[in-house]
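Trainee: have a look at this fold, sequence not included:
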Ligand SMILES: O=C[C@H](O)COP(=O)(O)O
């Protein structure tokens, strides 16, 4: 399976910037064997999907509601993302866990809603600095996997240590190797043989200069890239560092 290189644009870009960024990524995608994905704000999914039509670059959302429709002011339903051209959705990002008090149970409900709408969920897990300092990182991630992923699970897991997001601090290759091996073990324990086939992305200050080393770590199935995905050249350089199989 090729690695998946996903850009999480977070709350960045006005419409014209989002279209220009998408077009620049698509223009440089030829010859890249990794799967490419960009996740703009929900407001820009349709415009970005239109800009990427005919290119190998997929589009995803950054969140969805746990129900397919209803009286939920300000929320976005998974079928709406699908209708706008998304094929993936990021769920349970630490910024949503922290800023919107999202629990594992809610994330599991959102994940089920995403799959029912035909989206591939990318479910994020990861420990805070305090949890790592306290030696609880695997326990925390194990609980997040058990609580956030429905059974069966038709999606992707992204390991993002919270202390490495947007800080410039990247987990060491050894940290990533240890945690990804643990996550694989947990996935196999919880999902049986299917656990071997679930992609596990690494996210947290991935950039052009560290991508090749991080993407070479066993059980790393790709990267979830924040800041560096806002520059097409850097995002494409990361994608070129990906393993193709
Ligand atoms: O979803 C992406 C992650 O939060 C990583 O963000 P970052 O690459 O800016 O550290």
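Mentor: Everything's here; your move. Keep in mind that what you see is a predicted model, and the values were worked out from it rather than measured.
Trainee: so what touches stretch 142-157?
Mentor: With Cβ atoms under 8 Å, 6 or more residues apart in numbering as the test, stretch 142-157 has contacts from 4, 88, 91-92, 103-105, 107-108, 111-112, 114-115, 120-126, 182-183, 186-187, 190-191, 194, 198-201, 221-222. All C-beta atoms are positioned from the backbone trio N, CA, C, and that covers glycine.
Trainee: residue 163: neighbour count?
Mentor: Residues near residue 163, counting by other Cβ atoms under 10 Å, number 19.
Trainee: please disregard the earlier target; I meant residue 213.
Mentor: For residue 213, using other Cβ under 10 Å, the count is 13.
Trainee: how about it, phi and psi?
Mentor: phi -70, psi -40 (degrees, to the nearest 10).
Trainee: so who does it touch?
Mentor: residue 173.
Trainee: that one and residue 140: what is the separation?
Mentor: 25 Å (Cβ to Cβ, to the nearest Å).
Trainee: not counting sequence-adjacent ones, nearest residue to the residue in the chain positioned nearest to the ligand?
Mentor: Closest to the ligand within the chain is residue 226: 2.2 Å, counting by Cβ to the nearest ligand atom. Nearest non-adjacent residue to residue 226, counting by Cβ to Cβ, 6 or more residues apart in numbering: residue 8, 5.2 Å away.
Trainee: then residue 120?
Mentor: Counting by Cβ to Cβ, 6+ apart, residue 88 is the residue found nearest to residue 120 once chain neighbours are left out, at 4.8 Å.
Trainee: which residues does that neighbour contact?
Mentor: Residue 88 makes contacts with 6, 37, 39, 58-61, 119-122, 156, as judged by Cβ under 8 Å, 6+ apart.
Trainee: how about 6 Å then?
Mentor: Residue 88 is in contact with 37, 60, 120, 122, counting by Cβ atoms under 6 Å, 6 or more residues apart in numbering.
Trainee: tell me the helix or strand right after the strand or helix carrying residue 190.
Mentor: Element membership of residue 190, judged by DSSP states H and E, is helix 173-191. Using DSSP H and E, the helix or strand that follows helix 173-191 towards the C-terminus is strand 200-203.
Trainee: show me what that following strand is packed against.
Mentor: For strand 200-203, the elements it packs on are strand 156-159, helix 173-191, strand 222-225, judged by 3 or more Cβ pairs under 6 Å, 6 or more residues apart in numbering; DSSP states H and E.
Trainee: which residues are in contact with it?
Mentor: Under Cβ under 6 Å, 6+ apart, the answer for strand 200-203 is 157-160, 176, 180, 183, 214, 219-224.
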